[in-house]
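J.: Got a sequence here, can you model it:
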Amino acid sequence: MRMANTRKLTDDEHAALKAVAAMTDDDIDIDDVPERKNWSGAVRGALYRPVKQSVTMRLDADVVAWFKHHGDSKGYQTRINAALREYIAAHEQQL
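T.: This is a model prediction of the structure:
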């Protein structure tokens with residue numbers, strides 16, 4: 001798996017991570033964190049990003065051309081991924 005940030009952590013950063021990992025929930029001071037009471041504008045999964053896997057596949061040229069030239073500002077690979085997800089959802093119960 002490829003990491004988004006390949007910078008090595010400093011010794012201080014490693015020490016800080018170890019210190020946080022050693023803390024219990026009671027040790028964490030959340031007094032300055034505002035309580036969220038209204039979640040009406042929240043979007044489920046807005047911060048979720050599935051792990052991507054790089055693959056090589058051969059597709060018909062007309063299929064690739066269609067996805068490249070039809071759609072919004074998202075890339076054609078994103079639209080192909082969405083089409084495959086729709087297919088999976090439609091055929092989930094058949095599997």
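
J.: just for this structure, where's the confidence low?
T.: Counting by pLDDT under 70, the chain shows low-confidence ranges at 1-5, 95.

J.: and for stretch 69-86, what are the contacting residues?
T.: Outside stretch 69-86, the residues that touch it by C-beta atoms under 8 Å, 6 or more residues apart in numbering are 64, 67-68. In this view, the C-beta of every residue, glycine as well, is placed from N, C-alpha and C.

J.: Quick one, which of those residues are buried?
T.: For those, a burial check counting by 16 or more other C-beta atoms under 10 Å picks out Phe67.

J.: Okay, and which of the contacts of stretch 69-86 map to helices?
T.: In helices, defined here by DSSP state H, the members of the contacts of stretch 69-86 are 64, 67-68.

J.: now stretch 32-50, how far from the chain's geometric center?
T.: Offset of stretch 32-50 from its chain centre (C-alpha atoms, centre = their mean, to the nearest Å): 15 Å.

J.: Now that stretch - C-alpha only, CSV.
T.: What follows is stretch 32-50 as a C-alpha-only set of coordinates in CSV (Å, rounded to 0.1, in the frame of the first residue of the first chain):
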residue,chain,number,x,y,z
ASP,A,32,-12.0,23.2,25.0
VAL,A,33,-13.8,21.1,22.3
PRO,A,34,-17.3,22.6,21.6
GLU,A,35,-20.2,20.2,21.9
ARG,A,36,-22.0,19.6,18.6
LYS,A,37,-25.8,19.6,19.3
ASN,A,38,-27.2,20.2,15.8
TRP,A,39,-26.2,17.5,13.3
SER,A,40,-28.8,18.3,10.7
GLY,A,41,-26.2,19.5,8.2
ALA,A,42,-23.9,16.5,8.7
VAL,A,43,-23.2,14.2,5.7
ARG,A,44,-22.6,10.5,6.5
GLY,A,45,-19.3,9.3,5.0
ALA,A,46,-18.1,12.7,3.9
LEU,A,47,-14.7,12.1,5.3
TYR,A,48,-14.5,8.4,4.2
ARG,A,49,-12.1,7.7,1.4
PRO,A,50,-11.9,4.1,0.3
